[in-house]
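Colleague: This is the structure alone, sequence omitted:
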């Protein structure tokens, strides 16, 4: 995102107001803002005009100064970036029941961590396999967030596998067959955990991208790749069981992976994140995850790692 755009939090810090107050100014038309994706952003030039017009805090509109509750109350929302998973959709609905808005941007595991590092989001979702150690997520977190205090909470463990048409007519049940060059794939975008897993196995087997039909077809969600298989534009896609089941495809599991949530340590005690943990640890929520198929909830809601 261009550096001339500011988040509501950055504006609040500059004006020495709460984020809720900034939202009030935007809502009432006092401060112009634009929606980029699902997030609000304020142009630096618009903020400069606002600050020039209101040279001191005493010049702010009276409704912001006469109601201290408005200045203290924070809107309960969480900006999320990272890997796509149906459990994030389920979590969004469950948090909404508690008055918390989860605003997800599905951009892949790696980009989710980068967005968290840049301070553009408040939580990232990741399932990245480290090629050298075979460990999920923590090597990437330590590398990309070396001086950042973070808490890592498990969302789910899930099965990655081959999403294929009903009855698996081409009998794709192994990496050797998938990467034989005889089958057209629907691929995920660079930086996604699914793409990292595919590239890792291609490297292990000495297969180059040019040998795999469809390798350059990059899609951003499991639903998109599964839909390509369903529509017949691809023979197979690497993805998750819950999506394959939902679209009526067959699924051949090949690897269990850990999907974790990464939260800045200074936010973990906030009300919205305490409610998030409560949802993750709720038996009813876990049952709903299991009903989707292809998930292991034995670690759901547990702290995996903490770095301050």
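Modeller: In hand now; what should we look at? Computed from a prediction, not measured in an experiment: that's the story for all the values here.
Colleague: and residue 229, backbone torsions?
Modeller: Dihedral angles of residue 229 (phi, psi; degrees, to the nearest 10) stand at phi -70, psi -40.
Colleague: Scan the helices and strands of the protein for the one with the lowest mean pLDDT.
Modeller: Every helix and strand of the chain was ranked by mean pLDDT, DSSP states H and E. The lowest is helix 68-72, at a mean of 37.
Colleague: what comes into contact with stretch 100-107?
Modeller: Residues from elsewhere that reach stretch 100-107 (Cβ atoms under 8 Å, 6 or more residues apart in numbering): 37-39, 75-84, 88, 91-92, 95-96, 115, 121, 191, 220-221, 272, 275-276. Heads up, the C-betas are built off the backbone N, CA and C, glycines and all.
Colleague: quick one: which of those residues sit in helices?
Modeller: By the criterion of DSSP state H, membership of these in helices covers 88, 91, 92, 95, 96, 115, 272, 275, 276.
Colleague: Buried ones among the contacts of stretch 100-107?
Modeller: Among these, those buried by neighbour count (16 or more other Cβ atoms under 10 Å) are 39, 76-84, 88, 91-92, 95, 115, 121, 191, 221, 272, 275-276.
Colleague: quick one: pLDDT of the nearest residue to residue 79 once chain neighbours are set aside?
Modeller: With Cβ to Cβ, 6 or more residues apart in numbering as the criterion, residue 79 has its nearest non-adjacent residue at 4.3 Å, and that residue is residue 121. For residue 121, the model assigns a pLDDT of 91.
Colleague: Give me the distance between residue 121 and residue 215.
Modeller: Separation of residue 121 from residue 215 (Cβ to Cβ, to the nearest Å): 29 Å.
Colleague: what does residue 173 give?
Modeller: Separation of residue 173 from residue 215 (Cβ to Cβ): 20 Å.
Colleague: which helix in the protein runs the most residues?
Modeller: Longest helix in the chain by number of residues (criterion: DSSP H): helix 193-205.
Colleague: Quick check: buried residues in that one?
Modeller: Buried positions in helix 193-205, judged by neighbour count with 16+ other Cβ under 10 Å: 193, 194, 195, 196, 197, 198, 199, 201, 202.
Colleague: and that helix, what other elements does it pack with?
Modeller: helix 109-117, helix 175-178, strand 185-188, strand 236-240, strand 250-264 (3 or more Cβ pairs under 8 Å, 6 or more residues apart in numbering; DSSP states H and E).
Colleague: circling back to that earlier point, could you dump the ones in helices among the contacts of stretch 100-107 to TSV with pLDDT?
Modeller: As requested, the ones in helices among the contacts of stretch 100-107 are exported to TSV (pLDDT from 0 to 100):
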residue	pLDDT
88	95
91	96
92	93
95	95
96	92
115	92
272	93
275	96
276	97
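Colleague: Could you list which residues are in contact with the residue nearest to residue 79?
Modeller: Here residue 121 is in contact with 79, 80, 81, 105, 112, 115 (criterion: Cβ under 8 Å, 6+ apart).
Colleague: again with residue 211
Modeller: Shown in contact with residue 211 (Cβ under 8 Å, 6+ apart): 179, 181.
Colleague: shaky segments in the stretch 51-200 of the chain?
Modeller: 53-75 (pLDDT under 70).
Colleague: Now with 50, please.
Modeller: Residue ranges of the stretch 51-200 of the chain with pLDDT under 50: 56-73.
Colleague: Can you tell me how far residue 300 is from residue 80?
Modeller: The value you get for residue 300 to residue 80, if Cβ to Cβ is used, is 17 Å.
Colleague: can you check residue 224 too?
Modeller: For residue 224, the distance to residue 80 - Cβ to Cβ - is 19 Å.
Colleague: now residue 90
Modeller: In terms of Cβ to Cβ, residue 90 sits 13 Å off from residue 80.
Colleague: per-domain residue ranges of the chain.
Modeller: 5-70, 76-308 (automatic domain parsing).
Colleague: Point out the most buried one among those domains.
Modeller: Most buried of the domains of the chain, by mean neighbour count (mean count of other Cβ atoms under 10 Å): domain 76-308, with a mean of 18.
Colleague: mind checking the end-to-end distance for it?
Modeller: This stretch, domain 76-308, spans 24 Å end to end (Cα to Cα, to the nearest Å).
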